[in-house]
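Asker: my questions concern the predicted model and sequence given below.
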Amino acid sequence: MQDISYAGKRVVITGAYSGIGAALVTVLRELGADDITALDIREPAGVDRFIETDMGNPVSIDAAAAAIGDGVDVLFNNAGVAATRPAEQVMRVNILGLKRLTERLLPGMRSGGAIVNTASTAGNQWPQNLEVIRQLLAIQGWDEGIAWVHDHMPVIADGYFFSKQAVQVYTMMLSRPAIRQGVRVNSVCPSPVDTPLLPDFRATMTDKVIDWAIAEGAGRVATPRDQAKALAFLGSDLASYVNGVNLLVDGGFTAAMTTGQVDMAALA
Ligand SMILES: NC(=O)c1ccc[n+]([C@@H]2O[C@H](COP(=O)([O-])OP(=O)(O)OC[C@H]3O[C@@H](n4cnc5c(N)ncnc54)[C@H](O)[C@@H]3O)[C@@H](O)[C@H]2O)c1
């Protein structure tokens, strides 16, 4: 069974320095990866090539894309920040930069390749904002995107939930044109994960909400490796007919919520 192998595949990962991205590097190595390029503001360990890149800065993103060039097999858009940062910065890194890098690399990606975004269960409420998200995703220019963000602060709020809703919608919207060139597009949607970002979520969403989400899901917090394994699956040929899917990797939290099994009183 060679379908899970990453040997000979050209892989790009954003946000590989810590947390889920660092665990992904380890998992991909175990699966034979021999060509991993990392884009991050900090230099990750264990990759083949590091391109210092600020995923919130279009000039930096374009320079990285130009340095990478054509022939990418798998792009993992994983970098993200929490709402401990200003909302504009959250939008820049989590969706505007993710979209820009994707648009720069996708035309040159190999048929049979894949794009896998790290979204979040925080984006599960996208149906409430679908039309406004479609407006944002239709914008081409960077400055126009930033201006749109400033004009829509009431719906964007702290940026985190909205940006992850936008990643889920972008995953679905891009999956159709991308598959025409043989590239699949999916996302992983984690619930709370034990990474350096978790204290930031505790600060913005409260300990009570985070601990409740963990308790009502699998009863333990997800590890970065739990998420990395799902990312590796979606990026691999094991997932050869999986396209346009936002894969919940949340220990069952959303399933329990959807079927009315979650103890809402514990939140009161
Ligand atoms: N930890 C959680 O509970 C959780 C839950 C759901 C989704 N996520 C998502 O998982 C992804 C990875 O986060 P994590 O939890 O591993 O946190 P993390 O902070 O450990 O990892 C984030 C990575 O992104 C990099 N990064 C931050 N800003 C950047 C920028 N401007 N340009 C380039 N790289 C930048 C960091 O250096 C780091 O390597 C994020 O998209 C996050 O939103 C995390």
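Answerer: Nice, thanks for sending it over. Numbering: from 1, shown residues only.

Asker: who's in contact with the helix or strand harbouring residue 103?
Answerer: Residue 103 is part of helix 97-105, with elements assigned from DSSP states H and E. By Cβ atoms under 8 Å, 6 or more residues apart in numbering, the surrounding residues in contact with helix 97-105 are 12, 14, 39, 55-58, 61-62, 64-66, 68, 72, 75, 77, 79, 115, 117, 137, 142, 167, 170, 174. Quick note: C-beta positions are derived from backbone N, CA and C, even for glycine.

Asker: any idea which element residue 226 lies in?
Answerer: For residue 226, the host element (DSSP H and E) is helix 224-235.

Asker: what is the mean pLDDT for that helix?
Answerer: Over the span of helix 224-235, the pLDDT mean works out to 98.

Asker: same for the very next helix or strand once past the helix holding residue 103, what does it pack against?
Answerer: Sequence order places strand 114-118 as the next helix or strand after helix 97-105, per DSSP H and E. On a contact count with 3 or more Cβ pairs under 8 Å, 6 or more residues apart in numbering; DSSP states H and E, strand 114-118 meets strand 74-77, helix 160-179, strand 184-190, helix 224-235.

Asker: and the helix or strand just after the shortest one, what's its mean pLDDT?
Answerer: Heading C-terminal from strand 74-77, the first helix or strand you meet, by DSSP H and E, is helix 87-91. Per-residue pLDDT over helix 87-91 has a mean of 98.

Asker: now do helix 87-91: distance to the chain's middle.
Answerer: Mean-position distance between helix 87-91 and its chain equals 15 Å (Cα atoms, centre = their mean, to the nearest Å).

Asker: tell me which helix or strand the nearest residue to residue 139 once chain neighbours are set aside sits in.
Answerer: Excluding its sequence neighbours, the residue lying closest to residue 139 (Cβ to Cβ, 6 or more residues apart in numbering) is residue 145, at 4.9 Å. Under the criterion DSSP H and E, the helix or strand holding residue 145 is helix 142-151.

Asker: how far away from the center of its chain is the helix holding residue 103?
Answerer: For helix 97-105 - counting by Cα atoms, centre = their mean - the centre lies 12 Å from the chain centre.

Asker: re the thing from before, the contacts of helix 97-105, buried ones only, as a PyMOL selection?
Answerer: In PyMOL syntax, the buried subset of the contacts of helix 97-105 is picked out as below (16 or more other Cβ atoms under 10 Å):
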select buried, resi 12+14+39+55+56+57+58+61+64+65+68+72+75+77+79+115+117+137+142+167+170+174
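
Asker: name the SS class of residue 130, please.
Answerer: helix (DSSP: H, G, I helix; E, B strand; the rest coil).

Asker: picking that back up, run a quick neighbour tally on the residue nearest to residue 139.
Answerer: Residue 145 sits with 20 neighbouring residues when counted by other Cβ atoms under 10 Å.

Asker: roughly how far apart are it and the ligand?
Answerer: 16 Å (Cβ to the nearest ligand atom, to the nearest Å).

Asker: test my guess that that residue contacts residue 58.
Answerer: No: here residue 145 does not reach residue 58: they are 9.2 Å apart, not a contact under Cβ atoms under 8 Å.
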